[in-house]
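*Asks:* Coordinates only, no sequence provided:
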């Protein structure tokens with residue numbers, strides 16, 4: 001059904017192509033290193049990063065090549081206000097301002113990833129950072145243009161699979177190859193565009209990634225969990241050295257006798273974290289002065305292991321699961337230059353995908369299977385600039401059919417349908433700029449468990465949500481702008497929050513939803529400062545969010561889950577979704593300063609920091625909130641070479657819930673050298689870097705697995721990228 005709807009939309013847009021002007025097509029713009037990187041293309045109104053009335057970050061060019069990792073979460077983790085779920089090296093989603101899961105939208109060129117990554121932290125995002133041309137992170141009210149579930153922010157990964165321009169020389173070729181020592185990581189990717197005449201551009205791309213088990217600095221278990229494991233084995237902490245299983249121990253599956261001393265001795269490598277991923281796609285665009293129309297097909301295939309959540313006490317189970325993930329996806333993008341006095345252009349963007357992943361046991365048998373079929377599309381009318389008034393309005397449609405079957409089917413079969421209407425209006429009056437946005441969204445979430453699954457809710461919930469934002473900024477001096485914006489948002493509960501009722505191995509919990517939930521609502525206020533001069537820049541945001549009916553998980557007595565699932569054998573902690581008032585507030589800032597120019601090298605210093613405080617009223621801290629973090633760097637930039645050293649300090653997080661443990665602070669030191677062997681005009685770059693140079697044990701508090709899976713140890717990397 002999803003494919004039929006998608007093809008119908010393609011046919012309808014194809015009928016509009018005769019209006020495209022039959023003149024010379026636009027050619028390729030300047031190379032990425034020579035273009036300004038501060039134009040935000042995620043929002044319907046493309047504008048400078050400094051003009052956006054909320055916190056915004058862009059990663060592109062050499063910065064993206066240096067930061068790139070196998071997952072989108074780890075790729076972005078050094079941006080202000082961004083952390084990562086870090087469920088091992090192969091599954092890591094971004095955490096924005098402390099929000100994750102259902103409150104973050106991860107997009108591929110403006111359309112959702114159409115996978116199961118929002119369902120659980122152990123599910124990888126089916127978007128490949130290796131093929132990204134740029135990544136944009138949009139936080140604050142403007143993110144709501146992409147759905148009420150974007151209350152925490154939007155991550156948009158922009159690629160070239162559907163070409164936007166005609167190559168200047170008739171072809172365009174780019175590629176990147178990386179080796180990382182911490183996981184014996186080997187990756188390569190390439191993309192090519194060819195102009196075949198008449199404005200038609202063909203595209204092909206592919207990537208391959210293979211890793212071994214991740215090397216870590218010390219023990220897999222945190223000191224608290226090691227002490228528990230050794231106590232269960234009847235040993236003191238000092239006496240476990242003879243039980244080091246090093247690289248090869250994969251733990252014990254449930255049902256076997258647990259060797260707690262061996263679990264406490266796991267170190268040097270994270271067992272069961274090897275992976276192999278490949279991705280390939282083709283696309284084509286018809287590009288004319290009057291607009292463009294393009295389509296693409298891609299296949300994503302990954303087999304990856306998950307870190308073992310080792311048992312540390314009698315009665316606990318442990319598994320070493322692997323996930324086999326596949327996705328087939330079709331995309332469409334079209335734009336018509338209307339050139340009218342009111343409507344300047346019309347944009348259409350759509351995608352459909354079939355996604356499946358199987359959670360495998362050690363012998364390769366399927367324990368649980370997740371299947372998702374989805375379609376998402378949006379159409380936008382972009383207004384012409386009328387005396388400083390410009391804007392965009394549109395409609396968005398989303399449908400997801402989701403099914404999970406097997407031992408750990410914690411959700412019933414369900415369908416989610418969503419229709420949204422949105423508008424963003426901007427008024428520019430000299431140094432003063434005002435912006436207003438609104439969104440109406442109708443969401444239907446239907447559970448269809450079948451007659452055999454009597455423990456699940458059977459029925460439909462429908463929600464009508466209205467969100468809006470209003471903001472203004474003022475240029476107090478040339479290139480220095482202050483802003484203030486407010487928002488009122490409403491979010492419909494997701495199927496996982498409504499209908500969950502079953503064991504979830506990824507989080508080691510029996511999860512219980514509530515089909516009677518109401519809309520989650522919030523008021524938000526954000527103040528911004530953007531200052532950009534030739535020798536220095538500074539961006540800062542301060543925000544406060546007041547939530548009512550905030551949806552969160554809380555550990556409760558096992559009797560609550562037993563009552564919801566009579567006859568089920570419940571041997572996991574019981575976590576129940578609930579609603580209450582909540583408060584989020586925080587700060588994020590980033591600045592840079594040119595210290596000197598020596599022998600053609602610009603010496604720059606930069607510093608970023610972020611902090612968020614979140615609590616459920618009358619309950620306590622929200623779980624897995626990242627602590628205060630500071631990251632400072634010193635960089636020498638030249639035309640043929642650059643060098644950088646940086647220090648990142650993450651403070652201790654001791655504001656924890658009753659089911660969390662505190663997380664120690666850590667300091668990481670990284671260094672890199674970037675070489676441009678053919679000069680500044682050629683974007684070929686060789687980057688040699690060392691990350692976590694002092695082999696420090698680091699654990700992210702936002703990770704469910706932080707007590708069982710630390711971050712990578714010392715990682716020496718070499719990355720070669722080119723563009724022809």
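*Replies:* Yep, that arrived. As the structure is a computational prediction, the values presented were derived from the model and not from experiment.
*Asks:* which stretch of helix or strand covers the residue lying closest to residue 689 once chain neighbours are set aside?
*Replies:* Distances taken as CB to CB, 6 or more residues apart in numbering put residue 672 closest to residue 689, at 3.6 Å, once the chain neighbours are dropped. Using the backbone N, CA and C atoms, a C-beta is placed for each residue, glycine as well. According to DSSP states H and E, residue 672 maps onto strand 666-675.
*Asks:* and whatever helix or strand comes next after that strand, what other elements does it pack with?
*Replies:* Using DSSP H and E, the helix or strand that follows strand 666-675 in sequence is strand 685-691. Other elements packing on strand 685-691 under the criterion 3 or more CB pairs under 8 Å, 6 or more residues apart in numbering; DSSP states H and E are helix 61-67, strand 666-675, strand 715-723.
*Asks:* And strand 685-691, what's buried?
*Replies:* By 16 or more other CB atoms under 10 Å, the buried positions in strand 685-691 come out as 685-687, 689-691.
*Asks:* so where do the strands sit in the stretch 51-200 of the chain?
*Replies:* With strands called from DSSP state E, counting those that start in this stretch, the stretch 51-200 of the chain shows them at 56-60, 82-84, 94-96, 104-108, 111-112, 134-138, 153-158, 171-180, 185-197, 200-211.
*Asks:* Direction included, what does the shortest one pair against?
*Replies:* Based on DSSP bridges, the strands next to strand 111-112 in the sheet, each with its direction, are strand 104-108 (antiparallel).
*Asks:* Then the second one?
*Replies:* In the sheet containing strand 82-84, its partner strands are strand 94-96 (antiparallel), by DSSP bridges.
*Asks:* chain center to the strand it pairs with: distance?
*Replies:* 6 Å (CA atoms, centre = their mean, to the nearest Å).
*Asks:* what does that strand rub up against?
*Replies:* Under the criterion CB atoms under 8 Å, 6 or more residues apart in numbering, residues 72-73, 76-77, 81-85, 100, 104, 106, 137, 139, 152-153, 155, 624, 626, 702 lie in contact with strand 94-96.
*Asks:* ok, 6 Å please
*Replies:* Defining contact as CB atoms under 6 Å, 6 or more residues apart in numbering, one finds that strand 94-96 is touched by 73, 76, 82-84, 104, 139, 152-153, 155, 702.
*Asks:* again with stretch 387-398
*Replies:* Stretch 387-398 is touched from outside by 44-45, 376-383, 418-429, with contacts defined as CB under 6 Å, 6+ apart.
*Asks:* 8 Å - rerun?
*Replies:* Here stretch 387-398 has contacts from 44-45, 112, 146-147, 347, 374-384, 416-429, using CB under 8 Å, 6+ apart.
*Asks:* where in the stretch 351-500 of the chain is pLDDT low?
*Replies:* For the stretch 351-500 of the chain, the stretches flagged by pLDDT under 70 are 452.
*Asks:* ok, which stretches of it are helices?
*Replies:* 495-499 (DSSP state H, counting those that start in this stretch).
*Asks:* Equivalent analysis for the stretch 501-650 of the chain, please.
*Replies:* Counting by DSSP H, counting those that start in this stretch, the stretch 501-650 of the chain has helices at residues 558-564.
*Asks:* what does the stretch 151-300 of the chain give?
*Replies:* In the stretch 151-300 of the chain, the helices defined using DSSP H, counting those that start in this stretch lie at 223-233, 260-264.
*Asks:* Now that we have those, can you turn them into JSON lines and tack on mean pLDDT, distance to residue 90 and mean neighbour count?
*Replies:* Formatted as JSON lines, the helices of the stretch 151-300 of the chain follow (pLDDT from 0 to 100; distance: least, CB to CB, whole Å; neighbours: other CB atoms under 10 Å):
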{"stretch": "helix 223-233", "mean pLDDT": "94", "distance to residue 90": "22", "mean neighbour count": "19"}
{"stretch": "helix 260-264", "mean pLDDT": "94", "distance to residue 90": "21", "mean neighbour count": "24"}
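*Asks:* if we can go back for a sec, by pLDDT, give me the weakest of the contacts of strand 94-96.
*Replies:* On pLDDT alone, residue 139 ranks lowest of the contacts of strand 94-96, at 81.
*Asks:* residues in contact with it?
*Replies:* Taking CB under 8 Å, 6+ apart, we find residue 139 in contact with 54-56, 81, 96-97, 152-154, 541.
*Asks:* for residue 371, same thing?
*Replies:* Counting by CB under 8 Å, 6+ apart, residue 371 makes contact with 355-356, 402-404.
*Asks:* so which of the residues you listed comes closest to residue 487?
*Replies:* Nearest to residue 487 among these is residue 402, at 29.1 Å by CB to CB.
*Asks:* just checking, that closest one touches residue 417?
*Replies:* No: with contacts counted by CB atoms under 8 Å, residue 402 stays clear of residue 417, the gap being 11.8 Å.
*Asks:* Of those two, which one has the most company?
*Replies:* Just comparing residue 402 and residue 417: by other CB atoms under 10 Å the higher neighbour count belongs to residue 402, 20 against 16.
*Asks:* What's opposite that one in the beta bridge?
*Replies:* Assessed by DSSP bridges, residue 402 has beta-bridge partners residue 372, residue 414.
*Asks:* Distance-wise, check residue 287 relative to residue 337.
*Replies:* Going from residue 287 to residue 337 by CB to CB, to the nearest Å gives 11 Å.
*Asks:* ok, the two, which is more surrounded?
*Replies:* residue 287 (23 against 17).
*Asks:* Dump the buried residues of strand 685-691 to a markdown table, plus pLDDT and distance to residue 474.
*Replies:* Output for the buried residues of strand 685-691, formatted as a markdown table (pLDDT from 0 to 100; distance: CB to CB, whole Å):
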| residue | pLDDT | distance to residue 474 |
| --- | --- | --- |
| 685 | 93 | 39 |
| 686 | 96 | 44 |
| 687 | 96 | 40 |
| 689 | 97 | 41 |
| 690 | 97 | 44 |
| 691 | 97 | 41 |
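*Asks:* now, which of those residues sits nearest residue 722?
*Replies:* Closest to residue 722 out of the buried residues of strand 685-691 is residue 685 (7.7 Å), distances taken as CB to CB.
*Asks:* thinking again about what came up before, name every strand pairing with the strand holding residue 672 and say which way it goes.
*Replies:* When pairing is defined by DSSP bridges, strand 666-675 lines up against strand 641-650 (antiparallel), strand 685-691 (antiparallel).
*Asks:* got the contact list for residue 77?
*Replies:* Contact analysis of residue 77 by CB under 8 Å, 6+ apart lists 83-84, 92, 94.
*Asks:* how about the nearest residue to residue 196, chain neighbours excluded?
*Replies:* In space, and not counting its chain neighbours, residue 196 is closest to residue 202: 6.0 Å by CB to CB, 6+ apart.
*Asks:* With distance to residue 327 as new columns, can the strands paired with strand 666-675 be given to me in CSV?
*Replies:* Shown next, in CSV, are the strands paired with strand 666-675 (distance: least, CB to CB, whole Å):
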stretch, distance to residue 327
strand 641-650, 33
strand 685-691, 29
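*Asks:* for those, which one sits closest to residue 119?
*Replies:* Closest of these to residue 119 is strand 641-650, at 27.5 Å (criterion: CB to CB).
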